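J.: Give me a 3D structure for the following:
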Amino acid sequence: MSTNGKQRAPLLDETINRFAQACHQGAIDGGWWTNSKGKKKRADVPRMLCLIHGEISEALEGYRTNKMDSHLPHRTALEVEMADAVIRIGDLCEALNLDLGGACVEKLRYNKTRPDHTKAARRRKNGKKF
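T.: Residues are numbered from 1 along each chain as shown. Here you go, the predicted structure:
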């Protein structure tokens, strides 16, 4: 709440963390965090990172084929698979109590200070091309 009585807009880090919470709650509600006996499962981090990687691979295929998504036909497969990857990342980060929002904001700020992230540095021989 601001001093004039109006509610302030959520900060980017808070918004990202709320999104991660929603991703994780959706996974919980879908039964992804319980075993066949209804007991809570621990995060299988290597497996979940592979699933995130799988979504990125599907995004690449969507980009390569330039197809529309089969579940959300008004959106491209690239767009939907990228969303799937972000949702899986949010779910995992929330499960591990990681401050995804804070880390994203700090990393964006840090990247602005990196000499190798300037246009001039990228144009140099052996600069970052992609």
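
J.: Okay, now the unreliable bits of this protein?
T.: Regions of the chain meeting the criterion pLDDT under 70 cover residues 1-9.

J.: How about the contacts made by the spatially most central residue of the chain?
T.: The centroid of the chain falls nearest to V86 when counting by CA atoms, centre = their mean (2.9 Å). Listed by CB atoms under 8 Å, 6 or more residues apart in numbering, the contact set of V86 reads C23. All C-beta atoms are positioned from the backbone trio N, CA, C, and that covers glycine.

J.: List the buried residues of the one helix or strand it maps to.
T.: Taking DSSP states H and E as the definition, one finds V86 inside helix 77-95. Taking 16 or more other CB atoms under 10 Å as the neighbour-count basis, helix 77-95 is seen to contain the buried residues 77-82, 84-95.

J.: count of residues packed around G101?
T.: Summarising burial for G101: neighbours were counted as other CB atoms under 10 Å, giving 21.

J.: err, A22, not the other one
T.: The local packing of A22 (other CB under 10 Å) involves 14 other residues.

J.: so how far is the helix holding V86 off the chain centroid?
T.: 5 Å (CA atoms, centre = their mean, to the nearest Å).
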